[in-house]
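**Student:** Test case, fold it:
(chains A and B, ligands or ions: 3)
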Amino acid sequence: MAHLHDCWHCGAKDAASLFCRYCNTIQAPTPDYFEFFDMPRRLAVNAEDLKGRFYTLSRLLHPDRYTRRSEQERRFSLEASSILNDAYRVLKDPIQRAEYVLRQEGFTVGDQRNKDVPPELLEEVFELNMALDELRGGDLEVLPQLEVMRRDFLEMLAAIDRELEAMFARHDAAPPESRKQVLGEIRSALNRRRYISNLVQEVDKQLTARNA
Amino acid sequence: MSTFQIDFSTVQKRRIIGIDLGTTNSLAAFMDLTGPEIIPGADGSRMVPSIVSLADDGTFVVGEAARRLLIDAPQRTVYSVKRLMGRGREDVAEELRLFPFRIAEGSEQVIRLALGERLFTPPEISAQILKELKRRAEQYLGEEITQAVITVPAYFNDAQRQATRDAGRIAGLEVLRLVNEPTAASLAYGLDKRKEGIVAVYDLGGGTFDISILRLHEGIFEVLATNGDTHLGGDDIDNRLLAIALEDMASEWGEDLSHNGEAVQTVRQAVIRAKEELSFQPATVIDIDYRGRRYQRELKRELFENLIRDIVDRTLGPCRQAMRDAGLEPEQIDEVVLVGGSTRIPMVRRAVEALFKAKPHSELNPDEVVALGAAVQAAILSGDVQDKLLLDVTPLSLGIETMGGVVSKLIHRNSTIPASATEVFTTSVDGQRNVLIHVVQGERELAKDCRSLARFDLKDIEPMPAGMARIEVRFLIDANGILNVTARDLRSGKEQSIEVKPSYGLTEEQVEAMIRESYEKAEEDLIERQVREARVEADNILAAVEKARMSDAWLDLTDEERAAVDAALNELQVVYHASDHHLIRAAIEKLDAATRRLAENMMNTAVRQALKGTRIE
Ligand SMILES: Nc1ncnc2c1ncn2[C@@H]1O[C@H](COP(=O)(O)OP(=O)(O)OP(=O)(O)O)[C@@H](O)[C@H]1O
Ligand SMILES: [Mg+2]
Ligand SMILES: [Zn+2]
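**Tutor:** Numbering: from 1, shown residues only, chains lettered A, B, ... in the order given. Ligands and ions are numbered 1, 2, ... in the order given. The predicted model follows:
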């Protein structure tokens, strides 16, 4: 939740978050996405509620509203709107939102650039690479097989998304001290998800190259 | 979070105008009490053709008056300069074959156009168009105009946007906001159209094509995705027809005219006329009268459509991509709005209708709707319109070049702006003092396939072992779609100095020099105008006094009064050719004072005559 600081403009003590409660002047914005939206740090987010907050804050913070204000206010408005837009982009997407929380909690995310194949996928990946090789070699007979594999992967992604949703709920309900453990599970699921979604992208690229 | 804002800002209220700086036509508009209005010229015209010609005396001729000069002085006259904004020679090599412009050496980063003996960059040429619009606005509104909103194609990159802002500054305008053209159009439409829903704006003008998809919700115009081609428009159709006509003429006349500027412009204007007629009738004649020779060729709409099909088709890919990026199917789009003169072509309308499966709107004049929207945005900035807000996006992904020339994307295309990204950089060699960051724009994976934006040199890094420095660089795309970069040394917390080397466009120093020059020029212009005006006034009073000396009233004066008038008359004749208007005005005043009695006498005579019922003169 938003914590308060002194207003740079009127000097009122502990009076300000995004705006000063006394003089209404725009303040240096917090870089924390949840705090910015004045929302609890939860992994499950109500999309409609988030959108409503985004529109309301946009109206208050956008640089268009500060053209004729002081230089300092214009700077804060630019800074605040950029954080607002970045935060909205991240928080509205469950995957990016989870990665954001993971990073905040000190996990490293998404840097193993899909080199290691998750063991449970070894077989599928082997088959896929064979099929792609044949396709590159000009063998169009593998196309139906690739389509099937693509569908399988999409189903896996859907399954992971369902798992993630359940883990998000578990995380939000857990007492603070046991949240880290859930986050660890979430990270593994996300890594698996990223790996599969890269495979789908690769297939799509080969297929569109074929069709073009 | 506060829910209300007090407006303390209305103290100083300068008017902000909206400007559509188009490839073919430019317009200015302002927010009137009843809504946005186009600012007409003294002759009532609403558009200023984007044509600039350098006269022999070094002054510029802009607009309709310059159109004739395309033919009479093709070496000194430029059109469609917008296509050269923010570009280098290589970018425009293809089209220069048909554009008659002469490009000077050293045009890699900024094109330099030769007009007569002098060289000008595209922002300087565009500034002449802006000055003309500024002048019109000042005359029409009766006040000085120094602030403007200028529209740019949504798909303009950073360099093209900067070039537009530079043009504004050179013209003496503070550009408070660059607004994307299709978004501006939606603002003008959104005024009286539906308040909610998904709208696609298809904008095919003279030089550029844009598609934007927006969600309208409670006064917020949120762009979901945009795409386009900054080198696609009516000009391409004209060039296609032009090449064909020139070839045909060459075989008929046995003479290749494609290097003859005057002939090319004559043919160009003829094919444009034919093209525009084909939007309203099934056939036309390309009719060319060149130095007594006549070329005539019938052109049917069907053949015309076959000739331009691929050009029209090139707009469809970006439309599909924008829908994909917005995550929308054609059925989900509630309305399609047509903008730009080239959307008058029936084939274009059919293509749009087929793609979006909806009949497109074109109630508002497609030539004017962008300028009207710019005026609305100006009113949003001034605070006069408070219930609307534009949330636009960046059209191109922003990235930095990493090892092996691969691009690492920092801000993805279609991100709502302002948008930002932060990266921490370090050194790779012991004692390294500089880190160079190459920033590019585009969707490709390799930096060499993207558009180089600039190189940022982090300078004066504290010498230390490799990998120890920690410099945080913040990339921020502002509401104009222009990149701002700041850096901080995380170890010391101090601001890190950066030197920016833009890949295309003018440096800050160059722009400032141009502003100074145009300012000095403006001063010269002003002085000259004041002298000219003073002389006109002198002419009037001299003529009046001359006439008065022939009248009876002159004889009614005393000898002394007559001598005083003659002295003052003489003085004015002496200073008449001085280049200081103060001198002339002082002499005018003296003569005026010396002739007061004379004027009274004349009045009385006139009154007496009038009472007698006879008319004087
Ligand atoms: N009736 C018509 N039929 C076909 N084309 C037309 C017609 N009327 C105008 N055009 C074309 O429209 C183009 C000019 O449109 P517009 O004024 O919207 O462009 P612009 O705003 O100057 O360009 P841009 O937006 O690309 O910078 C010219 O190429 C012109 O020939
Ligand atoms: Mg236009
Ligand atoms: Zn305060």
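**Student:** can we go C-alpha only for contacts and neighbour counts from here?
**Tutor:** OK.
**Student:** Quick check: B:Glu600 is in a helix.
**Tutor:** Yes - checked against DSSP: H, G, I helix; E, B strand; the rest coil, B:Glu600 lies within a helix.
**Student:** Report the contact partners of it.
**Tutor:** B:Glu600 makes no contacts at all, as judged by C-alpha atoms under 8 Å, 6 or more residues apart in numbering or on different chains.
**Student:** Ok, B:Ala66 next?
**Tutor:** Taking C-alpha under 8 Å, 6+ apart, one finds B:Ile51, B:Val52, B:Ser53, B:Thr77 in contact with B:Ala66.
**Student:** In CSV, list those along with neighbour count, secondary structure and pLDDT.
**Tutor:** Converted to CSV, the contacts of B:Ala66 look like this (neighbours: other C-alpha atoms under 10 Å in any protein chain shown; DSSP: H, G, I helix; E, B strand; the rest coil; pLDDT from 0 to 100):
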residue, neighbour count, secondary structure, pLDDT
B:Ile51, 28, strand, 96
B:Val52, 28, strand, 95
B:Ser53, 28, strand, 93
B:Thr77, 26, strand, 92
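**Student:** of those residues, closest to B:Asp559?
**Tutor:** Nearest to B:Asp559 out of the contacts of B:Ala66 is B:Ser53 (C-alpha to C-alpha; 56.1 Å).
**Student:** Run through the bridge partners of that closest one.
**Tutor:** Beta bridges link B:Ser53 to B:Val61, B:Thr77, judged by DSSP bridges.
**Student:** Report the contact partners of it.
**Tutor:** Residues in contact with B:Ser53 (C-alpha under 8 Å, 6+ apart) are B:Phe60, B:Val61, B:Val62, B:Ala66, B:Leu69, B:Leu70, B:Arg76, B:Thr77, B:Val78, B:Leu115.
**Student:** Which parts of the chain belong to which domain?
**Tutor:** In the absence of a named chain, chain A is used. A:1-92, A:119-211 (automatic domain parsing).
**Student:** The chain in question should be chain B.
**Tutor:** B:16-232+B:314-391, B:234-311, B:398-506, B:510-614.
**Student:** Turn the contacts of B:Ala66 into TSV, columns for distance to A:Gln96.
**Tutor:** Listed next are the contacts of B:Ala66 as TSV, based on distance: C-alpha to C-alpha, whole Å:
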residue	distance to A:Gln96
B:Ile51	49
B:Val52	50
B:Ser53	54
B:Thr77	53
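**Student:** and the stretch 301-450 of chain B, which residues reach chain A?
**Tutor:** Proximity of the stretch 301-450 of chain B to chain A (C-alpha under 8 Å from any C-alpha of the partner chain) is limited to residues B:Ile380, B:Leu381, B:Ser382, B:Gly383, B:Leu389, B:Ser415, B:Thr416, B:Ile417, B:Pro418, B:Ala419, B:Ser420.
**Student:** In space, not sequence, find me the middle residue of chain A.
**Tutor:** A:Gln96 (1.2 Å; C-alpha atoms, centre = their mean).
**Student:** what about it, distance to B:Arg455?
**Tutor:** 30 Å (C-alpha to C-alpha, to the nearest Å).
**Student:** Same check on B:Gly233?
**Tutor:** 32 Å.
**Student:** Test my guess that B:Ala200 contacts B:Leu214.
**Tutor:** Yes - contact criterion C-alpha atoms under 8 Å: B:Ala200 and B:Leu214 qualify, at 6.3 Å.
**Student:** quick one, which of these two is more surrounded?
**Tutor:** Legend: neighbour count by other C-alpha atoms under 10 Å in any protein chain shown for B:Ala200 and B:Leu214, higher for B:Ala200 (29 against 25).
**Student:** just checking, that one is part of a helix?
**Tutor:** No - counting by three-state DSSP, B:Ala200 is not found in a helix; it is strand.
**Student:** got the contact list for it?
**Tutor:** Per C-alpha under 8 Å, 6+ apart, neighbours of B:Ala200: B:Ile211, B:Ser212, B:Ile213, B:Leu214, B:Ile333, B:Glu335, B:Val336, B:Val337.
**Student:** and the host helix or strand of the second one, which strands flank it?
**Tutor:** Using DSSP states H and E, the element containing B:Ser212 is strand B:209-217. Partner strands and pairing direction for strand B:209-217 (DSSP bridges) are strand B:197-204 (antiparallel), strand B:220-229 (antiparallel).
**Student:** Residue of chain A closest to ligand 1, please.
**Tutor:** A:Asp64 (23.6 Å; C-alpha to the nearest ligand atom).
**Student:** Kindly tell me how buried that residue is, as a neighbour count.
**Tutor:** A:Asp64 has 27 neighbouring residues, counting by other C-alpha under 10 Å.
**Student:** now do the one 5 residues further on
**Tutor:** By the other C-alpha under 10 Å criterion, the neighbourhood of A:Arg69 contains 16 residues.
**Student:** in chain A, what spans have low per-residue confidence?
**Tutor:** Low-confidence segments of chain A (pLDDT under 70): A:1-2, A:111-116, A:210-212.
**Student:** rewinding a little: more crowded one of B:Gly233 and B:Arg455?
**Tutor:** B:Gly233 (25 against 18).
**Student:** What residues does that one make contact with?
**Tutor:** Shown in contact with B:Gly233 (C-alpha under 8 Å, 6+ apart): B:Leu204, B:Gly205, B:Gly206, B:Gly207, B:Thr208, B:Phe209, B:Ser342.
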